[in-house]
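In: Using only what follows, build the 3D model:
(chains A and B)
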Amino acid sequence: MASYEMVIGLEVHVELSTRTKIFCGCTTRFGGAPNTRTCPICTGMPGTLPVVNRRVVEFAIAAGLATNCEITRRTRFDRKNYFYPDLPKAYQVSQLYLPICRNGYLTIETPQGEKRVGIHEIHMEEDAGKLTHDPWLDRTLVDYNRCGVPLLEIVSEPDMRSAQEVVAYLTRLRQTLQYLGVSDCKMQEGSLRADVNLSVRPMGQTALGTRTEMKNLNSFKAIARAIEGEFRRQTELIEDGGVVRQQTRRWDDNKGASFAMRSKENAQDYRYFPEPDLPPMEIAQAWIDEIAAREPELREAKRARYQREMGLPDYDAALLTEEKATADLFERASALCGRPADVAHWLMGDAMALMKERQIAPDQMTLAPEALARVVTLVAEGRVSRQSAKEIFVYAFDGGEDVDGYVREHALQMVQDDGAYARAVEEVLARCAKDAESYSAGNEKALGFLVGQTMKALGGKGDAKKVGEMLRERLAR
Amino acid sequence: MELFDLTALELGERIRAREIGVEEATRACLSRIEAQEGTLHAFITVTAEAALRRAREVQRGIDDGTYTHPLAGVPMAIKDLISTRGVETTCASRMLKGYVPTYDATVVRKLDAIGAVCLGKTNMDEFAMGSSTESSAFGVTRNPWDASRVPGGSSGGSAAAVAAREVFYALGSDTGGSIRQPASFCGVTGVKPTYGAVSRYGLIAYASSLDQIGPIAIDARDAAAVTRLLAGIDPLDATSVDAPPPAMPEGDDLSGLRVGVPRECFADGLNGEVRARVLAVGDALQALGATLVPVELPMLPYAIPAYYVLACAEASSNLSRYDGLRYGFHPEGIEDLHEYYLTARSEGFGAEVKRRILLGAFALSSGYYDAYYDKAQRVRTLIARDFARCFEQADVLLTPAAPTTAYPLGAHADDPISMYLGDIYTVSINLAGLPGMSLPCGFDGDGLPVGAQLIGPAFGESRLFAAAHAYQTHTDFHRRRPPEAGAAKGAKANGEL
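Out: Residues are numbered from 1 along each chain as shown, chains lettered A, B, ... in the order given. This next block holds a predicted model:
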């Protein structure tokens, strides 16, 4: 069997986190009773007209600048015409001829080193509504709340050669957009959707094979599985003497297989033409400069600064900046308590373990920076033991805000009474005479056991360091 | 003097002077509507009760000083493609039968704010596609000067209603001549403002880049007053422009005004009587101090094909939303979505609308876009350049509004192209986005009104009003009106003072 390579390009849709919709004043907030976040404009009532939300253009320009794109100085919208009940005007206002951003790239890390993935274009468009089928009444209902929510479509060049590269590109793209604050990029809520264009060709061939477009990919894992599956399907097809047909396929992650939706022959003709209700926009250089000047610190800059200013190792800096939510939490808690290394320790250790256990993403964390800072301070000031702190941290992780109250209520303050320490030490030495002897005989390890026993006797609320010192002194060899 | 010999501004003045009550004027108009509608059918919806309620409310507002506008209390009508909250707005289509907008068009809000009294919604060609008002799904409108003839279109209902003095002015819309041509056929004064001068928010679109709302009025001063009221930038219409409103015309001195006469507009295909009457307007303007200069519009022959490609392309998209799912017409008992769309659009639209949707969808389809839509856009640019050159030599242009006077009902029934050709003098003005005005300039041998067209540079409406007003100061064609339709000869007209 010949050896094949896969060639992949992505079309990524992200919802912009503007307060209002792209062409009217309705809120973009997720949810709401059906058709309550609508008006005559976003439901396409006869006679209504769109007016562009300036923030949408600003966000698009910011995304373009952060992905090294050229900004199209004279841009305009086009209409994409098709009939479907979720599209009340029967056309989507989008951009075909003069998209706002073009010719950019993102840099990803691969096992072979850094690699640029080209960005063909970024364009602005409006989202459609949502159809829901009511199986009980056997009828389909439509909710226009999402109609007119602003989207960016980010079209990459076919520059990726593996599922790993695709995931690296998506991760980098998501980080960039999240750090810019233009989108929260939540795949679960559909605010980031990716369609995969994939073709295969024998190694060494320069001409591209026929591509398919894969839709319905709901997680990075599903994307990776779909890519492997489609690569296998196409290579097997070719090996068996068949040809790949240009078509759109739907990935079924449960079945681990894709199914043809429509092929090129019956592709729709969208009859694109310039949107006459919106005059072309002239983007002033001054506006671009202003947006560039306001660009927040992006991931790579932050990662470098954590090492430079906070003395964190690269591994820690990378981990903490992977998700904007984690980095935000880290910075706010560090500023409050002045102990970045301790904050980092909690976030990378207990917080990540708890996220895994609870199966939540960093942006779903309810851990308040104030609570985290308080836990760090209590430990640093010797007010609670490390052991108690772990318990307090779980409380804070689950959204608890009154850390001091929790400590009081559960009597987790560090034991301060020297008498209590002395009694506990004597009690343990009496009970564990053999281990005491072993330590005295030179077995360092026995001390750990004795400290543990003493801490236990103190209800976990003792100062382990102090206990160790007392034991050492008591058993001075 | 009889009430119906007054212009809208003259009536407004008498209303403010408490010489005529708003309700009295409204009742007089409603009586005329009742008497003539059986013959004319200028209205799709007459909102008599709401109008009388509104008349009393406006009277109170005039009495307490809330309404001071020169047009406060003057009865008027609105073409049935301008959205009126709570009042059915059909576009003369079966597709929108029963559709009641939940919001007011910007122009309707402006009319409300000055105390206008709206008597109802006027008939038109379906979705404004036509030049005779014969494509209305709810029956034709007849010309008040000769009931066997068309009133023109698409704003035929508005023009007929003003000509027959059922109202004192009306709103129309003009995409390729839909205000100016019916104004010409009915002997009234109609204005298509500069593209962007008047907000289109709430105007149900035919062709978005060409549509403009404008007045159909008794004379140039009335038209100017209504245009001043409607004009202005609107945050709800991104294509509206912030420009100063046109000035009210005063006096009759036209010295210094250069009137361009495009050679191509007086060539073959123009009715001889129309030609003579329109050229006489040039003479009249000259007598008032203007100079006539010959100008050229070499691209004129390409205006109609370019217009029909672009207007239909935009229409095919604008009218796609009418799928029978949300409002208006909806077919019953169909389960399959595709079949539902087919049935709704086959049965909801009339033949002319379907013809233009098909034409437009074709012009935009993959593989034909460059040959049709894109080429038509380039022609559009060249036409705008033609006009720009003309306005280097002239301040206004004078042309016929239409090649003929009103033709008999059904004259173009089997030949849509021949009707399209009647738009020859008007469509290029929409393509160039310029203001145009049609004013009565005499009658042909059959006693039918002839209309002349004045064209200005962008936002040059003031010049049109000034020239037309000077002309109307010395002519009375705009003051003549047809005998009341449907009334027995010699019967006393309603509302005599």
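In: Could you use CA atoms for every contact and neighbour count after this?
Out: OK.
In: Residues contacting stretch A:225-243, please?
Out: Under the criterion CA atoms under 8 Å, 6 or more residues apart in numbering or on different chains, residues A:1, A:4, A:6, A:162-163, A:196, A:198-200, A:214, A:217, A:244, A:251, A:253, A:256-258 lie in contact with stretch A:225-243.
In: Could you pull out the buried residues of that stretch?
Out: A:225, A:226, A:227, A:230, A:231, A:234, A:235 (16 or more other CA atoms under 10 Å in any protein chain shown).
In: could those be laid out in a markdown table, adding secondary structure and pLDDT?
Out: What follows is the buried residues of stretch A:225-243, written out as a markdown table (DSSP: H, G, I helix; E, B strand; the rest coil; pLDDT from 0 to 100):
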| residue | secondary structure | pLDDT |
| --- | --- | --- |
| A:225 | helix | 95 |
| A:226 | helix | 96 |
| A:227 | helix | 97 |
| A:230 | helix | 96 |
| A:231 | helix | 96 |
| A:234 | helix | 96 |
| A:235 | helix | 95 |
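In: Quick check: the farthest pair among those residues?
Out: For the buried residues of stretch A:225-243, the farthest-apart pair by CA to CA is A:225 and A:235; their separation is 15.5 Å.
In: ok, now how distant is the closest residue to residue A:268 other than its chain neighbours from residue A:271?
Out: Of all residues not flanking residue A:268 in the chain, residue A:82 sits nearest, at 7.8 Å (CA to CA, 6 or more residues apart in numbering or on different chains). Here residue A:82 is placed at a distance of 8 Å from residue A:271 (CA to CA, to the nearest Å).
In: Check the offset of the host helix or strand of residue B:430 from the chain's centre.
Out: Element membership for residue B:430, per DSSP states H and E: helix B:427-432. Relative to its chain's centre, helix B:427-432 lies at 15 Å (CA atoms, centre = their mean, to the nearest Å).
In: Could you do stretch B:34-51 as well?
Out: 18 Å.
In: and residue A:195, helix, strand or coil?
Out: strand (DSSP: H, G, I helix; E, B strand; the rest coil).
In: ok, it - contacts?
Out: Residue A:195 is in contact with A:10, A:11, A:12, A:213, A:214, A:215, A:216, A:217, counting by CA under 8 Å, 6+ apart.
In: same question, residue B:425
Out: Here residue B:425 is in contact with B:265, B:399, B:400, B:401, B:402, B:403 (CA under 8 Å, 6+ apart).
In: Mind checking which of those land in strands?
Out: B:399, B:400 (DSSP state E).
In: Tell me, how many residues neighbour the residue in the stretch 251-400 of chain B positioned nearest to chain A?
Out: Nearest residue of the stretch 251-400 of chain B to chain A: residue B:321, at 4.5 Å (CA to the nearest CA). Other residues lying near residue B:321 total 22 when counted by other CA atoms under 10 Å in any protein chain shown.
In: now do residue B:297
Out: So residue B:297, with other CA under 10 Å, has 19 neighbours.
In: So it versus residue B:261, what's the distance?
Out: 10 Å.
In: circling back: out of the contacts of stretch A:225-243, which sit inside strands?
Out: A:4, A:6, A:196, A:198, A:199, A:200, A:214, A:251, A:257, A:258.
In: As CSV, those residues with pLDDT would be great.
Out: Conversion of the ones in strands among the contacts of stretch A:225-243 to CSV gives the following (pLDDT from 0 to 100):
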residue, pLDDT
A:4, 95
A:6, 97
A:196, 97
A:198, 97
A:199, 97
A:200, 96
A:214, 95
A:251, 93
A:257, 91
A:258, 91
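In: Let me have the residues you listed in CSV, adding neighbour count and distance to chain B as columns.
Out: Formatted as CSV, those follow (neighbours: other CA atoms under 10 Å in any protein chain shown; distance: CA to the nearest CA, whole Å):
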residue, neighbour count, distance to chain B
A:4, 16, 34
A:6, 26, 30
A:196, 25, 24
A:198, 24, 25
A:199, 24, 25
A:200, 24, 28
A:214, 25, 24
A:251, 26, 25
A:257, 15, 28
A:258, 19, 26
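In: Identify the farthest-apart pair in the residues you listed.
Out: Greatest spatial distance in the ones in strands among the contacts of stretch A:225-243: A:4 and A:251, 21.8 Å, computed using CA to CA.
In: Might one say that residue A:388 is in contact with residue A:415?
Out: No - contact criterion CA atoms under 8 Å: residue A:388 and residue A:415 do not qualify, at 11.4 Å.
In: Spit out the residues that contact the two alike.
Out: Going by CA under 8 Å, 6+ apart, residues that sit against residue A:388 and also against residue A:415 are residue A:461.
In: Is residue A:105 located within a strand, as I assumed?
Out: Yes - with three-state DSSP as the criterion, residue A:105 is part of a strand.
In: Not counting sequence-adjacent ones, nearest residue to it?
Out: In space, residue A:105 is closest to residue A:118, 4.1 Å off (CA to CA, 6+ apart).
In: What's the local residue count around residue A:284?
Out: By the measure other CA under 10 Å, the count of residues near residue A:284 is 11.
In: Many thanks, have a good one.
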